[in-house]
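J.: Give me a model of this one.
(chains A, B, C and D)
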There are 2 protein chains.
Amino acid sequence: MDERQVLSSFAALSQETRLAIVRALVVAGPEGLAAGVIAERMGVSATNASFHLKELERSGLISQRRESRSIIYSASYEALADLIKFLMEDCCAGHPAIRGNVERGDDCCIAADKGDVIA
Amino acid sequence: MDERQVLSSFAALSQETRLAIVRALVVAGPEGLAAGVIAERMGVSATNASFHLKELERSGLISQRRESRSIIYSASYEALADLIKFLMEDCCAGHPAIRGNVERGDDCCIAADKGDVIA
DNA sequence: TCCATACTTCAATAATCCTAGAATTATTGG
DNA sequence: CCAATAATTCTAGGATTATTGAAGTATGGA
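T.: Coordinates of the predicted model:
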C-alpha cells in the first residue's frame, strides 16, 4: 500500500459520516448496501451520501456495483486490512522485539497495550 | 477510545508532513525528537512544524516535554495501539469467525489478507 | 542584564473540504 | 415512449485547514 493511498484512506476515515458508512458496510458484509439505504441510515441527503461515498471509493476503502436501479456499495476488507497492516508496521518500526512478535503471528502494538516493553 | 478521538487521529494522520512526523517519532522511540530536529528532517519551517505538531498532540498521538531550551516530542504508542485496535474491531465487526481468531490472540483482518473466509 | 537559541503564537492568505439545491443520467415498469 | 425511481454531477456557499512571515515567550550562557 503506497503512501498516497494511506493518506487518502486516513482522510476518508476522518469524517464522521464516512466513518459511520464504513462501519455500516463492514457489518453489512459482501452483500453491501444501496446508496439510498446508506443515505437514509446516516440521516443525510442523497447528494451528501453520494459525495462521501465517492470520497470513500476514491480511497479504495469501498467499492460499488450496479444492481438494477440501485448502486450497491460494499467495504473492501483488503484495503482495510492493508491499512491496519501499514499502521502496525509503522507502529512497530524500530522496535525489533515487538516486530519479532508480529513475525511469530502475534499482534504488535496491541501487545504493547497489555503493558510491556514500551511505555 | 471514543469516536471523537478516532476521528481526530485519522485526520491527524491524513496529512503528509504529519504522517512523516509520526513515523519518525515512532522510530525515535521514547527519547523522542526536538521540534527543531523534526522541522529540519521534514524540510519545513519551524512555524509549519509547530502547527502540525500541535495538531498531532491535540489528537493524542504524540506528547511533548520541555528539555532545557528544546521541546521534545514523542509518539504515544498507547494511542497508536488504540487506533489499531479500533480499526481491527471495526474491520471484524459482524464477522464472528474472524473475531474468534482475535480472541484467541491471532490477528484479525490481517488473517483475511492471507486469503481466507472474506473477500 | 543582555543576547542568542528554540519554539510558539498571531494574522493574513491560499487551498481544500463539506453541504445544499437544481439539473442530469441510468434503469425499470406501464 | 413516458413517468417514476435511484443516484450522480454541477454550482455556489460557507467552513476548515495549511502555509508563510512577523512578532512574542521561555531558557540558558556571557
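
J.: Tabulate the CA atom coordinates of stretch A:16-29 in PDB.
T.: Presented in PDB, the C-alpha positions along stretch A:16-29 are these (Å, rounded to 0.1, in the frame of the first residue of the first chain):
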ATOM      1  CA  GLU A  16     -17.900  11.300  10.900                       C
ATOM      2  CA  THR A  17     -20.400  10.300   8.200                       C
ATOM      3  CA  ARG A  18     -17.800   8.500   6.200                       C
ATOM      4  CA  LEU A  19     -16.500   6.500   9.200                       C
ATOM      5  CA  ALA A  20     -20.100   5.600  10.000                       C
ATOM      6  CA  ILE A  21     -20.600   4.400   6.400                       C
ATOM      7  CA  VAL A  22     -17.600   2.200   6.600                       C
ATOM      8  CA  ARG A  23     -18.700   0.700   9.800                       C
ATOM      9  CA  ALA A  24     -22.200   0.000   8.400                       C
ATOM     10  CA  LEU A  25     -20.700  -1.500   5.300                       C
ATOM     11  CA  VAL A  26     -18.300  -3.700   7.200                       C
ATOM     12  CA  VAL A  27     -21.200  -5.000   9.200                       C
ATOM     13  CA  ALA A  28     -23.300  -5.400   6.100                       C
ATOM     14  CA  GLY A  29     -20.700  -7.800   4.600                       C
END
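
J.: and for that stretch, what are the contacting residues?
T.: The contact list for stretch A:16-29, computed with C-beta atoms under 8 Å, 6 or more residues apart in numbering or on different chains, reads A:12-13, A:32-33, A:38, A:41-42, A:44, A:48-49, A:52-53, A:55-56, A:61-62, A:73-75, A:77, A:80, B:3, B:6-7, B:10, B:90-91, B:93-95. Bear in mind the C-beta positions are built from the backbone N, C-alpha and C, glycine included.

J.: ChimeraX command for the buried members of these?
T.: Buried subset of the contacts of stretch A:16-29, written as a ChimeraX selection, criterion 16 or more other C-beta atoms under 10 Å in any protein chain shown:
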select /A:12,13,32,33,38,42,44,49,52,53,55,56,61,62,73,74,75,77,80 /B:6,7,10,90,91,94,95
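
J.: number of nearby residues for the closest residue to DNA strand D within chain A?
T.: Closest contact between chain A and DNA strand D, by C-beta to the nearest atom of the strand, is at residue A:36 (2.0 Å). Each residue near residue A:36 was counted by other C-beta atoms under 10 Å in any protein chain shown, and the total is 13.
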